[in-house]
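Enquirer: Below: sequence and its predicted model.
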Amino acid sequence: MKVPAQDLRRPGVLRRFSWSSIVQWFDAGHLPGGAEALRSEPDGIDWVRCVPFVLLHLGCIGVIWVGWSWTSVAVAACGYVIRMFAVTAAYHRYFSHKSFKTSRCGQLLLALWGATAAQRGPLWWASHHRHHHRHSDHEEDAHSPHVHGFWWSHIGWITSRRNFPTDVSQVKDLARYPELVFLDRFDMLVPVLYASALWGAGAWLHAHAPALGVTGGQLVVWGFFISTTALFHGTSCINSLAHLIGRRRFTTDDDSRNSLLLALVTLGEGWHNNHHRYQAAARQGFYWWEVDPTYYLLRALSLTGLIWELKPVPQGIYDEAERRAPDQEDRAVPISQPAKAPTRT
């Protein structure tokens, strides 16, 4: 239930809402007023609920005290690449778009892998992304830089109370699995375990391989805080910059764009205009010269039998690209026009 502004001046109301926000740090399903009540609120930052996100960034400052080593920097870099693959392959291409198939066990492993990125749970991530595709760059889009501005699309939208709940109506196919619902509700669990594992690995190396100059605190700062913060902003560039910079091969009813730079940062997600034209494909670099490391790794995984039936780009999409005149390149549909029904692909 939305609380009237005059009631917010009462201390009891403030304490109750602060307490609910604190509980949500550990239990994202704790919604005393209901999910619909939160989604009906206007955009605004819930600072108490955002404390873990703020601490993630502040944790990077810990490098002043723990220092660095080549091992810790390598762990941070590897953690970025491995978990960026989890975000793009698992959270995006599998959970959001079902661009390939796997077993129920494989699905759980993908969810656990993706959860180490600390970008909320698989149902929350997929529900917001599916909503984004239905309303891309129109008023209902929670993170359009054209509607809400760059900084809101990049980082602000996740701080708003109305965007905290998981919209289960968008992910009914995923909500059938209790293990996914559990991971989505207790979305802090896996990141905390991941950070703890890094601390334990650092402490073990400090004791058994002192020449590496690694400590538990160092691996946590570099392997978790710095790596995860970089991972978040790399992923967020697709929400913000991928609708502002790059070229447009296809005419879509949004301003999605293709960018090699963003593709390198996100392991292939930068071919955003391609993706918005045909969402179901397992590859987003539609041509061999469009670098898409996530797709290459998915192809490798398919050889093991862990995943299968990677959905291809239909020939009709390639034919459409060939028919476009050179002067049509980069021509975007005006964002101010009324939202149209999305193209079903």
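Expert: Sure thing, it's come through. The model shown is predicted, which means the values in this text are computed figures rather than measured ones.

Enquirer: quick one: average confidence on stretch 302-321?
Expert: On average, the pLDDT along stretch 302-321 is 96.

Enquirer: So what's the residue count around E179?
Expert: Close neighbours of E179, defined as other CB atoms under 10 Å, add up to 13. Placement of C-beta: from N, CA and C, glycine included.

Enquirer: which residue packs closest to it, ignoring adjacent ones?
Expert: L108 (5.4 Å; CB to CB, 6 or more residues apart in numbering).

Enquirer: helices or strands next to the helix or strand harbouring the one you found in the packing?
Expert: According to DSSP states H and E, L108 maps onto helix 104-115. Applying 3 or more CB pairs under 8 Å, 6 or more residues apart in numbering; DSSP states H and E, we find helix 104-115 packed against helix 122-134, helix 178-185, helix 189-208.

Enquirer: Out of those, which is the most enclosed?
Expert: Ranked by mean neighbour count, those are led by helix 122-134 with a mean of 22 (mean count of other CB atoms under 10 Å).

Enquirer: just checking, what packs against that helix?
Expert: Judged by 3+ CB pairs under 8 Å, 6+ apart, helix 122-134 is in contact with helix 104-115, helix 178-185.

Enquirer: Put the alpha carbons of the shortest one into CSV.
Expert: Taking Å, rounded to 0.1, in the frame of the first residue of the first chain, the C-alpha atoms of helix 178-185 are listed here in CSV:
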residue,chain,number,x,y,z
PRO,A,178,11.1,-23.8,-6.8
GLU,A,179,14.9,-23.8,-6.8
LEU,A,180,14.9,-20.7,-9.1
VAL,A,181,12.3,-19.0,-7.0
PHE,A,182,14.5,-19.6,-3.9
LEU,A,183,17.5,-18.2,-5.6
ASP,A,184,15.5,-15.2,-6.7
ARG,A,185,14.1,-14.5,-3.3
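
Enquirer: I'd like to know which of the helices and strands packed on helix 104-115 is closest to G62.
Expert: helix 189-208 (11.9 Å; CB to CB).

Enquirer: Need the residues that contact the closest one.
Expert: With contact meaning CB atoms under 8 Å, 6 or more residues apart in numbering, helix 189-208 is reached by 71-72, 75, 112, 115-118, 183, 212, 214-220, 223-224, 228.

Enquirer: Sitting in helices, which of the residues you listed do you find?
Expert: Among the contacts of helix 189-208, the ones falling in helices (DSSP state H) are 71-72, 75, 112, 115, 183, 216-219, 228.

Enquirer: Name only those of the residues you listed that count as buried.
Expert: Buried by 16 or more other CB atoms under 10 Å: 71-72, 75, 112, 115, 183, 216-219, 228, out of the ones in helices among the contacts of helix 189-208.

Enquirer: In CSV: those, plus distance to A321.
Expert: Output for those, formatted as CSV (distance: CB to CB, whole Å):
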residue, distance to A321
T71, 45
S72, 44
V75, 41
L112, 37
A115, 36
L183, 38
G216, 51
G217, 51
Q218, 48
L219, 45
T228, 36
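
Enquirer: out of these, who's nearest T159?
Expert: Distance to T159 across these (CB to CB) is lowest for T228, with 16.8 Å.

Enquirer: check contacts around that closest one.
Expert: Counting by CB under 8 Å, 6+ apart, T228 touches 56, 79, 83, 117-118, 191.

Enquirer: What sits closest to I238 if chain neighbours are left out?
Expert: E269 (5.1 Å).

Enquirer: Need phi/psi at that neighbour.
Expert: Torsion angles at E269 (phi, psi; degrees, to the nearest 10) stand at phi -70, psi -10.

Enquirer: how many neighbours does it have?
Expert: E269 - counted by other CB under 10 Å - has 25 other residues nearby.

Enquirer: How about W288?
Expert: By other CB under 10 Å, 7 other residues sit near W288.

Enquirer: Next, it: secondary structure please.
Expert: In three-state terms, and counting by DSSP: H, G, I helix; E, B strand; the rest coil, W288 is coil.

Enquirer: Likewise for W68?
Expert: Taking three-state DSSP, the label given to W68 is coil.
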